[in-house]
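> sequence and predicted structure are below.
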Amino acid sequence: MNSYALTPITSRRGIRAAGILTTLAAALTLAMPMTGCVVKEQVVVREAPVHVQVRHVPAPIAEDRGAWPGPGWNWVPGHWKWEGRDWAWVHGRWVQQVVPTMPVVIVEPITPAPSPQHYWVPGHWVWRIDSSGWFWIKGSWHS
């Protein structure tokens with residue numbers, strides 16, 4: 001006979017544990033049929049994916065800088081700028097000031113569109129002619 005076969009419970013602790021297990025088993029036996037009586041439907045609502053139309057910045061245009069005007073002159077590279085309803089190329093030019101490298105593009109979150117007719121214009125850097133340097137134009141919705 002196996003050592004784990006039915007053996008009589010002789011200690012008080014063992015009798016108490018057996019009683020708790022018996023009570024728990026009886027409670028579960030009574031509760032099991034009740035769980036089958038209640039039908040709970042889970043409704044999952046999934047919104048249709050929203051199509052966001054984005055007017056991405058076109059690729060840069062290669063430009064000929066021409067001859068360097070002389071000491072103190074620096075090149076402002078050409079870049080795209082949103083004007084009204086489309087992207088416009090701003091030609092590069094020589095200026096008599098320090099021209100830092102264009103900063104990296106700032107990735108902005110796209111907010112919910114005001115209507116299905118709106119399109120998103122991403123933020124972009126433009127050069128300010130008034131000598132203030134590169135200026136970030138925030139992304140925004142247009143229609």
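Thanks, I have the structure now.
> surely Asp64 is within a helix?
No - with DSSP: H, G, I helix; E, B strand; the rest coil as the criterion, Asp64 is coil rather than part of a helix.
> and it, how many neighbours?
Burial of Asp64 is recorded as 6 neighbouring residues (other C-beta atoms under 10 Å). Heads up, the C-betas are built off the backbone N, CA and C, glycines and all.
> do the same with His142
Taking other C-beta under 10 Å as the neighbour definition, His142 ends up with a count of 14.
> pretty sure it contacts Ser115?
No - no contact is recorded between His142 and Ser115 when judged using C-beta atoms under 8 Å, the distance being 11.2 Å.
> got the contact list for stretch 74-84?
55, 57-58, 60-61, 63, 65, 87-99, 102, 121, 124-127, 137 (C-beta atoms under 8 Å, 6 or more residues apart in numbering).
> these in helices, which ones?
Mapping the contacts of stretch 74-84 onto helices (DSSP state H) picks out no residues; all lie outside.
> now the buried members of the residues you listed.
For those, a burial check counting by 16 or more other C-beta atoms under 10 Å picks out Val57, Val90, Gly92, Arg93, Val95, Val121, His124, Trp125, Trp127.
> and the two most separated of the residues you listed?
Greatest spatial distance among the buried ones among the contacts of stretch 74-84 (C-beta to C-beta): Val95 and Val121, at 26.4 Å.
> nothing else from me, thank you.
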